[in-house]
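J.: pasting a predicted model and its sequence here:
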Amino acid sequence: MEEILFKSTRSDGAGITASEAILKGLADDGGLFVPMKMPCLDKTMDELSKMTYQELAYEVMKLFFTDFTEEELKSCIERAYDEKFDTEEIAPLAEVEGAYFLELFHGPTIAFKDMALQILPHLLTTSAKKNGVTNDIVILTATSGDTGKAALAGFAGVEGTHIIVFYPHGGVSPIQERQMVTQKGDNTHVVAIEGNFDEAQTGVKNIFGDKELAKELADKGYQFSSANSINIGRLIPQVAYYVYAYAKLVAAGKVGEGEKINVVVPTGNFGNILAAYYAKCIGAPIDKLVCASNENKVLFDFFASGEYDRNREFILTSSPSMDILISSNLERLIYKIAGEDAEANKAFMDQLTSGGKYEITPEMREQLKDFYGNFATEEETADAIKRLYEETGYIMDTHTAVGRRVFEKFKSDVPSDNVTVIASTASPFKFTRSVMNAIDPAYDAKGDFELVDELSRIGNIKIPKAIEEIRNADIIHKDVVEVNGMKDIVEKILSE
């Protein structure tokens, strides 16, 4: 198999191996790692359609992680996708009123982030061994809600690692916050910041770029890595479930092999939809990639105008994991449509840092024809939940509802007979109050766990283990800092 190397989106130079890129997380120049060449699927969809999730995931990941042996990669996959998921299929498809919901929330923290963050710790520790790393790996990550808990659950108790998660105080759902602050594990740390997600993410990037701090910590036996979707070891596992969704549609006779589908992805940081784009690039027959935003519609405006502009009001919505104005993973797409010109990409990113915006060229916009962007207001999101529940009994979370509403707008704007898959990114139990209020505002008078029980009753859905575990759990993590105190608390944690 041809070796695939990875390079930064912001500079030219020799490529590095997959394991080196996974270990580093972020390139030294602040860029993101991308494959120097896009591989191609070497199995037919008919062959893939007969595979389990684990078998298919190997067929996708082996194309990118070419310095892992078959034994190493299969071991990572088997340890990640096991009984921690509450369904043998790992990512089942639910056919509901004209679309297929790809349910990505059957893992231990009931959100799609589990699909990548259950395997990332194994990829990282394997990469460390392959590269002779003896330092402890410190995972530093910012979360808008779901990444944090999924990363904490993935890394808790993993020898040779520590994890520090920053989240916006008051900017995540009550269930999301409780999941994080009750996390057990001597190597886990959770810190709330007095700011929004973009400020948390920028703070983390600044810590990564602090060379003096890196040297100071290296002397103490630590080195940083990332669990955010900026890490290529987080992004590539997500490519697998889009290929899996197509293969399962083939297996069920819903599409003929080679027949194209559309994919709708509720998106904030652009990682999940970028994974769908990568799936298309390696040979999955995907036609349109539908980018669904909430009222923080910076991506919708970008696809509509070619200008990315984060200079706007930051809105707290009922879909907090998408409350993002700096979509970090978009950089990988910008690099691609700029003709893989690192200098041009860096100029755009420098403009974003200095002035908060950049505008791509008409030639670059021509290459975005595969994408369709739209957004859903808070009212439209709530209405989508209520209508689908009343018409079918199916209950979706607020993020998936953004995707569902944008799917309806897409159907009206772009006539298409293609089968459509909507990425269902979280369990409704993760955003119980917003979901139940959408169905009936009278529910707002009830407590959080009363609502959990009621959601289970009206939807005839078993309460996930992840929710039962936090019902009476003790709060362990209580730190709250200002944005400018993030570096100090990292140093404090690692000196204890």
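T.: Happy to help now that I have it.
J.: CA only for contacts and neighbour counts going forward, please
T.: Fine.
J.: I'd like the mean pLDDT over the host helix or strand of Leu63, please.
T.: In this structure, Leu63 is located in helix 53-64 according to DSSP states H and E. Taken as a whole, helix 53-64 has an average pLDDT of 98.
J.: stretch 376-387 too?
T.: Average pLDDT, stretch 376-387: 98.
J.: buried residues in it?
T.: Residues of stretch 376-387 classed as buried under the neighbour-count rule (16 or more other C-alpha atoms under 10 Å) are 376-378, 380-386.
J.: just the residues contacting stretch 476-486, thanks.
T.: Contact partners of stretch 476-486, identified using C-alpha atoms under 8 Å, 6 or more residues apart in numbering, comprise 169, 180-184, 189-195, 199-200, 203-204.
J.: any idea how far that stretch is from the middle of the chain?
T.: For stretch 476-486, the distance between its averaged C-alpha position and the chain's averaged C-alpha position is 24 Å (C-alpha atoms, centre = their mean, to the nearest Å).
J.: can you check stretch 331-346 too?
T.: The offset between the C-alpha centroid of stretch 331-346 and the centroid of the whole chain comes to 21 Å, using C-alpha atoms, centre = their mean.
J.: tell me where the model's unsure across this structure.
T.: Along the chain, the model assigns pLDDT under 70 to no residue.
J.: and the longest helix for it?
T.: Selection of the longest helix in the chain by residue count, based on DSSP state H, yields helix 232-251.
J.: hey, C-alpha coordinates of stretch 462-476 in PDB?
T.: Coordinates of each C-alpha in stretch 462-476 appear next as PDB, following Å, rounded to 0.1, in the frame of the first residue of the first chain:
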ATOM      1  CA  LYS A 462     -34.500   3.600  27.400                       C
ATOM      2  CA  ILE A 463     -32.600   6.100  29.500                       C
ATOM      3  CA  PRO A 464     -28.900   5.900  28.500                       C
ATOM      4  CA  LYS A 465     -26.400   4.600  31.000                       C
ATOM      5  CA  ALA A 466     -24.400   7.900  30.600                       C
ATOM      6  CA  ILE A 467     -27.400   9.800  32.100                       C
ATOM      7  CA  GLU A 468     -28.200   7.300  34.900                       C
ATOM      8  CA  GLU A 469     -24.500   7.500  36.000                       C
ATOM      9  CA  ILE A 470     -24.600  11.300  36.600                       C
ATOM     10  CA  ARG A 471     -28.000  11.400  38.200                       C
ATOM     11  CA  ASN A 472     -26.500  11.300  41.800                       C
ATOM     12  CA  ALA A 473     -22.800  11.700  41.000                       C
ATOM     13  CA  ASP A 474     -20.600  13.900  43.100                       C
ATOM     14  CA  ILE A 475     -19.200  17.100  41.500                       C
ATOM     15  CA  ILE A 476     -15.400  16.700  41.300                       C
END
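J.: follow-up on the earlier one: now whichever helix or strand comes after the helix holding Leu63 against helix 53-64, angle please.
T.: Past helix 53-64, further along toward the C-terminus, the next helix or strand under DSSP H and E is helix 70-80. An angle of 140 degrees separates the directions of helix 70-80 and helix 53-64 when computed by axes from the mean of the first three to the mean of the last three C-alpha atoms, to 10 degrees.
J.: pull out the buried residues from the very next helix or strand once past helix 70-80.
T.: Beyond helix 70-80 on the C-terminal side, the first helix or strand identified by DSSP H and E is strand 93-96. Of all the residues in strand 93-96, those buried under the rule 16+ other C-alpha under 10 Å are Leu93.
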